[in-house]
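Peer 1: need a 3D model of the following:
(2 chains)
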Protein chains: 2
Amino acid sequence: MRTAVVIGTGLIGTSAALVLAGRGVTVHLVDHDPANARTAAALGAGTDEAPEGPVDLAIIAVPPAHVAATLADAIAQGMARAYLDVASVKGGPRRGLEALGVDLTGYIGTHPMAGKERSGPLAATADLFEGRPWVLTPTRDTDTEVLNLALELVALCRAVPVVMDADAHDRAVALVSHTPQLVSSMVAARLRNADETAVRLCGQGIRDVTRIAASEPRMWLEILSANPGPVADVLAAVAADLEETVGALRALQSADDGKRREGAEGIEDVLRRGNAGRERVPGKHGAAPTTYETVAVLISDQPGELARIFADAGRAGVNIEDVRIEHATGQQAGLVQLMVEPRAVAALTAELRERGWALRQQ
Amino acid sequence: MRTAVVIGTGLIGTSAALVLAGRGVTVHLVDHDPANARTAAALGAGTDEAPEGPVDLAIIAVPPAHVAATLADAIAQGMARAYLDVASVKGGPRRGLEALGVDLTGYIGTHPMAGKERSGPLAATADLFEGRPWVLTPTRDTDTEVLNLALELVALCRAVPVVMDADAHDRAVALVSHTPQLVSSMVAARLRNADETAVRLCGQGIRDVTRIAASEPRMWLEILSANPGPVADVLAAVAADLEETVGALRALQSADDGKRREGAEGIEDVLRRGNAGRERVPGKHGAAPTTYETVAVLISDQPGELARIFADAGRAGVNIEDVRIEHATGQQAGLVQLMVEPRAVAALTAELRERGWALRQQ
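Peer 2: Residues are numbered from 1 along each chain as shown, chains lettered A, B, ... in the order given. Here you go, the predicted model:
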């Protein structure tokens, strides 16, 4: 890839342009607001002058509702050898293009799963896509050359390509992105008219749950308007769960023992299903459970002995995962069993010995 | 305060004990599992030996369902001059004590709004409560001496005392803590049976919304069981909002223009109410909006000029909040207007001048 056009120099378009320009690709920047394209150019994302002939790749980075018309126009102009969009919904734009009778062999719908709370070219960075999934939705009609240009873009952005069917993509983002957005907004909305004293009690839990409720309503209305069916389906399932949980809470107030037990079971069930779902979210919490090894240390009965062991372990960069204390009957001294990751045993034992602790062979 | 008993050496009890022991208070540690009390003692939180006579303050840090019985027992023994509990629900324990016919003049219900994903004495730290609200629920019957001992504890823990009615507290935590927990679990539960490809698309949004879905079901069942009415009320309001939003999404799929417009209005409304509610959450996002000042810089038409200005501003520790670019017609050079916080103007202009940029007087 040697030349590209980016249409729409917002966060995503400008970030992709920064990556390409940084790799020596000549990038032409276009935006319905010329000041935006000028800002992107001034950031080093390319030039806001028009290309002289067809480029290798045209990247359409406009809101979902404008993707089909913008693409059809670019294809009619013969702007590029290959075209892709980066909109967060994939079924609608494709059906829009089909309705316009556009030849789709030169097009591939894509969606980089990257974003920020801030939008616009100034929020753009060349590392926005690093390590993030970038969905590609080729069809039987897609030229292999077009797929390969898209894969080249994803590789240059250091993103992880994921091939999916367009409709499966839309159901997936309804589940992992669009529904969480709406639910976060609804939890936050409950605070709007709350007493000031109540609001003072907010902690990290609600802060995390409502963080994305600060998102831009106009942008989200565009995204949700392009994917209403799949989002309504997931949201309806959450609503059914909510209704059942309200019922379970009411049952907890019953005078009837059996009803109260049923209520408790219902509450515990939703909490446990939440645990199971949360474990599937990629990230450090999704990591496989570790089995620990034990390091046994003799301690005296002085207060703070365990705190000192923790401080010494911290100095060796070792995290103690769990601990058990055994006191031999009638003795002042006790045995502490420290559970640590297997790879940390050597560092921990060396540090503790150096600090004068007596270690017991296991 | 010179002596204290902590009954229940979990996260909260041990953390409070660490603070008191660190200030020279003699702390006696009690737990239904003696190994827990021993661990807390080994951490330097006090001694697991019983006190010889009545102490100044007894802190009951057991699960909500056990508070009333534990308190009644301690009061019957004459264990202390004053008693407080730290359970996350306040109305139920109080009614439990009243039902047991206990004299409540020596008791005050309290709730420190602090927690962690990990529980147990090993997760305890002396700084757990720093800067966090600590709710106190005195009644007309509460001795002033008891209130003052509680205020002393809160001050030693560097927490912020908030006086509330017990039932108002329970409604507030239903809103800001218990409902977010259940909703987070329900969003996470949707992922349980999702396709692996869909789960790969999870981003920071759903990661934040579902973080607390990893919480311990047994502990939360205890909390929710002690506060079912207020939680059911808030949850029912969220459920009504959800139903309406599902309806709005379905309306977006209608062939009728008027219905689609109504649907869009409904979606935008919930997103905007979410914005308004989120703004009330204390933390950096709740800060008052700042007005910015402008620093104007002349730039040439070379790519990357703006990126270099940003890098130079970063070196001066200045964050550029917004930017506007004006190109004089027919000229190669342009004028960049940098918006920064008023207190950053001096540092920014000094740095830019030193780096050779031409600044324009405003």
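
Peer 1: burial count for residue A:360?
Peer 2: Per other C-beta atoms under 10 Å in any protein chain shown, the neighbour tally for residue A:360 reads 11. C-betas here are computed from N, CA, C, even on glycine.

Peer 1: Three-state assignment for the nearest residue to it once chain neighbours are set aside, please.
Peer 2: Spatial nearest neighbour of residue A:360, excluding adjacent residues (C-beta to C-beta, 6 or more residues apart in numbering or on different chains): residue A:296 at 4.2 Å. Classification of residue A:296 by DSSP: H, G, I helix; E, B strand; the rest coil places it in strand.

Peer 1: now do residue A:153
Peer 2: helix.

Peer 1: my read: it touches residue A:56, true?
Peer 2: No. The pair formed by residue A:153 and residue A:56 falls short of the contact definition of C-beta atoms under 8 Å, at 10.1 Å.

Peer 1: got any residues that touch both of these two?
Peer 2: Shared contacts of residue A:153 and residue A:56, defined by C-beta atoms under 8 Å, 6 or more residues apart in numbering or on different chains, are found at residue A:1.

Peer 1: which residues of the stretch 101-250 of chain A fall in strands?
Peer 2: Using DSSP state E, counting those that start in this stretch, the strands of the stretch 101-250 of chain A run over A:107-112, A:133-137, A:160-163.

Peer 1: so which of residue A:153 and residue A:56 has more stuff around it?
Peer 2: Shown here are residue A:153 and residue A:56; by other C-beta under 10 Å, residue A:153 has more neighbours (27 against 17).

Peer 1: relative to chain B, how far out is the more buried one?
Peer 2: Applying C-beta to the nearest C-beta, to the nearest Å, the value for residue A:153 to chain B is 18 Å.

Peer 1: list the contacts for that residue?
Peer 2: Residue A:153 makes contacts with A:1, A:16, A:20, A:57, A:59, A:84, as judged by C-beta under 8 Å, 6+ apart.

Peer 1: so which of these are in strands?
Peer 2: The strands, defined by DSSP state E, take in A:57, A:59, A:84 from these.

Peer 1: of those, which is the nearest to residue A:37?
Peer 2: residue A:59 (13.3 Å; C-beta to C-beta).

Peer 1: now the closest one: how far from residue A:23?
Peer 2: Distance from residue A:59 to residue A:23, counting by C-beta to C-beta, to the nearest Å: 14 Å.

Peer 1: now do residue A:248
Peer 2: 56 Å.

Peer 1: more neighbours, the two?
Peer 2: Using other C-beta under 10 Å, the more surrounded residue of residue A:248 and residue A:23 is residue A:248, with 23 against 13.

Peer 1: just checking, that one touches residue A:261?
Peer 2: No. At 10.8 Å, residue A:248 does not count as touching residue A:261 under the criterion of C-beta under 8 Å.

Peer 1: how deep is the closest residue to chain B within the stretch 251-362 of chain A tucked in, by neighbour count?
Peer 2: As assessed by C-beta to the nearest C-beta, chain B sits closest to residue A:274 within the stretch 251-362 of chain A, at 2.7 Å. The local packing of residue A:274 (other C-beta under 10 Å) involves 30 other residues.

Peer 1: with residue A:167 instead?
Peer 2: 15.

Peer 1: also the one 5 residues further on?
Peer 2: Neighbouring residues of residue A:172 were enumerated by other C-beta under 10 Å; the total is 26.

Peer 1: per-residue pLDDT, the residue lying closest to it once chain neighbours are set aside?
Peer 2: Nearest non-adjacent residue to residue A:172, counting by C-beta to C-beta, 6+ apart: residue B:198, 3.6 Å away. Reported pLDDT at residue B:198 in the predicted model: 93.

Peer 1: quick check: closest non-adjacent residue to residue A:92.
Peer 2: In space, and not counting its chain neighbours, residue A:92 is closest to residue A:226: 4.7 Å by C-beta to C-beta, 6+ apart.
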